[in-house]
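Enquirer: below: sequence and its predicted model.
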Amino acid sequence: MVAMVALAHGGAVRDGFLYDDFHLIVENPAVSSHAWTTIWTSSEAASRDAEGHNVRPVTLTSYAVDHVLGGGSPFTYHLTQLVLHALVVCLVYLVGMALTAQSVPSIGVALLVGLHPIQTEAVHYLSARSSVLSALGMLAAFWMYLRARHTQPRRWVRSALALAAFAGAVLSKETAIVGVVWLAAYELVIAKAPATEAASRIAPYAAVGAAVWVWRWLIGDGGGHDAHVSIATGAATGLVVLGRHVTAWFVPIGIGPVTPQPWVGWNDPAVAGMVLVVVVAVALAAVGARRLPLASFGVVCGMSALAPVLALPFLTDVALFQPHRGYAAAVGFALATVEAVRALGAAAARRAAPLRPANLAIAGWIVVLGLVLGAVWADASQGRAWRDEVGFWSEAVQGHPREAAYHHSLGAASLRAGGLARALEAFTTAAQLDQALPRVHYNLGLVYTAMGRADDALAEYERARERDPEDFKSLANLGFLYEKKGETARALDAYRAALRVSPGLRAVRERVDRLERSGTVSPSRA
């Protein structure tokens, strides 16, 4: 299994950084300075921007450890991500064995999780590590929970380890709280435990999950930003996103590195289709609970793991559909798929009784081998798209020329690569397509500054300030450019505005102090 994962995804170690990797990892001072205490006690460690991001200390700690080991080299980060994915595959096998006591179906579930094309993003995209780590913690907790439940020796040790693993999962990504649903589904659907007994068994996990959420709230978890969308539009779009995840698992066609998701209303035909998908999934879980309990259990696990995406449209207005958000759901859907195939295979074998069982087995293994090799080829081919950041976004723009966010990302990638002319073209196109796109004017200001076109840069930063008066980065850069032009009063005005938004900007405060000491302006408290 591990060899198959390495064959399919081993190319990930040649990838670089991409998109959110820069503010979460590369330019995050908490990661590069190995600020262990800050990572675990402050929301400011969440990213370079220290605002609007979830607190995930286990994920951040793993990034910082990679930085210690590799000095910031992308190879180390990607190797770790690949190893974590392989560990998830191994744990899926162990959980499968604990549930079925049969190695072949357990290997099938593990390979599906490891090789399904929808998992490629989670392996190649470093910012998706929270999804991988949280799934790893959920699986470890569930495996230890099953062992503690069914074996007497060292039960308390296994229970403690299960609780610790679950806490680690929620500290990796807050949506891992759905692991409580997995435990409840196991007790009610598989173990057939009375409701009161099931509640008593899962209560410690619910308590641990709640405690972690309270702790995150106390240290100031931002949890994203308000996307300013109506309840009706947000709910309809969230349902479509959930439905896309489900259909992408069972019909893995056209899964690419970038998959735009527009806002939709309840009158959009896509909503009706996705409602049908969800209804069918719920119906299968309900109907199969008696005849195929493991398949029903798998559907419940998959759907519950996807439930958090319903809230996404209210928290962000970009990248609403990203395959890695369904990483943990793949475990449930893989189990449901294998159990359904086993049932169908058994039925087919009964109908084909006159045929030799050996011939049926050979035919079955040929089909399985073909599917595995096809998945390996698809994963390896799709993974190559993540190698080059500029090429990645160039391909995205070619495929979706009207997506302003993709032009904006191409501009950012080109700017990092030193291609100022291409960055200017991409940012300008993005601004033309969507004037409300976050940070587009700020980035245009960066390009013009790098080109030495100070007046154009000032104009863009002023547009950024007009759009968002609390954009402290644009304010700080405005101050710097006005100071270079000798317009001290305007420079101080911009600097002080930046400090009112973000008092921790040490370099800006030093500039204010220096200008005020020069005596050319009146001192003022920022």
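Expert: Done, it's in.
Enquirer: residue contacts, V65?
Expert: T80 (CB atoms under 8 Å, 6 or more residues apart in numbering). C-betas here are computed from N, CA, C, even on glycine.
Enquirer: could you say which helix or strand holds it?
Expert: For V65, the host element (DSSP states H and E) is helix 57-70.
Enquirer: can I get that helix as PDB, trimmed to CA atoms?
Expert: Output of helix 57-70 as PDB, limited to C-alpha atoms (Å, rounded to 0.1, in the frame of the first residue of the first chain):
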ATOM      1  CA  PRO A  57      -1.400  24.600  16.600                       C
ATOM      2  CA  VAL A  58      -0.700  21.000  15.800                       C
ATOM      3  CA  THR A  59      -0.500  21.900  12.100                       C
ATOM      4  CA  LEU A  60       1.700  24.900  12.700                       C
ATOM      5  CA  THR A  61       3.900  22.900  15.000                       C
ATOM      6  CA  SER A  62       4.500  20.400  12.200                       C
ATOM      7  CA  TYR A  63       5.400  23.300   9.800                       C
ATOM      8  CA  ALA A  64       7.900  24.600  12.400                       C
ATOM      9  CA  VAL A  65       9.400  21.200  12.900                       C
ATOM     10  CA  ASP A  66       9.900  20.900   9.100                       C
ATOM     11  CA  HIS A  67      11.600  24.300   9.100                       C
ATOM     12  CA  VAL A  68      14.000  23.100  11.800                       C
ATOM     13  CA  LEU A  69      14.800  20.000   9.900                       C
ATOM     14  CA  GLY A  70      15.000  21.400   6.400                       C
END
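Enquirer: for the helix or strand just after that helix, packing partners?
Expert: Sequence-wise, the next helix or strand downstream of helix 57-70 (DSSP H and E) is helix 74-100. The contact analysis (3 or more CB pairs under 8 Å, 6 or more residues apart in numbering; DSSP states H and E) places helix 74-100 against helix 2-9, helix 57-70, helix 103-115, helix 120-124, helix 129-150, helix 329-351.
Enquirer: tell me which of those is the most buried.
Expert: Counting by mean count of other CB atoms under 10 Å, helix 120-124 has the highest mean neighbour count of the helices and strands packed on helix 74-100, with a mean of 27.
Enquirer: how much space between H116 and A285?
Expert: 20 Å (CB to CB, to the nearest Å).
Enquirer: can you give me the strands for this protein?
Expert: Counting by DSSP state E, the chain has no strands at all.
Enquirer: contacting residues around the residue nearest the centre of the chain?
Expert: The residue lying closest to the centre of the chain (CA atoms, centre = their mean) is A128, at 4.0 Å. Shown in contact with A128 (CB under 8 Å, 6+ apart): E121, A122, Q322, H324, Y327.
Enquirer: from the residues you listed, which shows the smallest pLDDT?
Expert: On pLDDT alone, Q322 ranks lowest of the contacts of A128, at 87.
Enquirer: now that residue: how far from R439?
Expert: Distance, Q322 to R439, using CB to CB: 19 Å.
Enquirer: how about V447?
Expert: For V447, the distance to R439 - CB to CB - is 12 Å.
Enquirer: okay, the two: which has more neighbours?
Expert: V447 (25 against 19; other CB atoms under 10 Å).
Enquirer: right, and that one touches L424 too?
Expert: Yes. Counting by CB atoms under 8 Å, V447 does reach L424; the two are 4.9 Å apart.
Enquirer: what touches both of the two?
Expert: G411.
Enquirer: circling back to that earlier point, among the helices and strands packed on helix 74-100, which comes closest to T316?
Expert: helix 129-150 (14.6 Å; CB to CB).
Enquirer: so what's the gap between that closest one and the chain middle?
Expert: 18 Å (CA atoms, centre = their mean, to the nearest Å).
Enquirer: then stretch 432-445 to CSV, C-alphas only?
Expert: Coordinates of each C-alpha in stretch 432-445 appear next as CSV, following Å, rounded to 0.1, in the frame of the first residue of the first chain:
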residue,chain,number,x,y,z
GLN,A,432,-11.0,44.7,-14.6
LEU,A,433,-12.9,41.5,-14.0
ASP,A,434,-13.6,42.2,-10.3
GLN,A,435,-13.0,45.6,-8.7
ALA,A,436,-14.0,44.2,-5.3
LEU,A,437,-11.3,41.4,-5.4
PRO,A,438,-9.4,41.6,-2.1
ARG,A,439,-5.8,42.9,-2.2
VAL,A,440,-5.7,43.5,-6.0
HIS,A,441,-4.9,47.2,-5.6
TYR,A,442,-2.4,46.5,-2.9
ASN,A,443,-0.6,44.0,-5.2
LEU,A,444,-0.7,46.4,-8.1
GLY,A,445,1.0,48.9,-5.8
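Enquirer: which parts of that stretch are buried?
Expert: L433, D434, L437, P438, R439, V440, H441, Y442, N443, L444, G445 (16 or more other CB atoms under 10 Å).
Enquirer: let me know the closest of those to W215.
Expert: Using CB to CB, the buried residues of stretch 432-445 come closest to W215 at P438, 29.2 Å.
Enquirer: for that closest one, phi and psi?
Expert: phi -60, psi 140 (degrees, to the nearest 10).
Enquirer: ok, it to S409 distance?
Expert: From P438 to S409 the distance is 12 Å (CB to CB).
Enquirer: same question for H9.
Expert: The value you get for H9 to S409, if CB to CB is used, is 23 Å.
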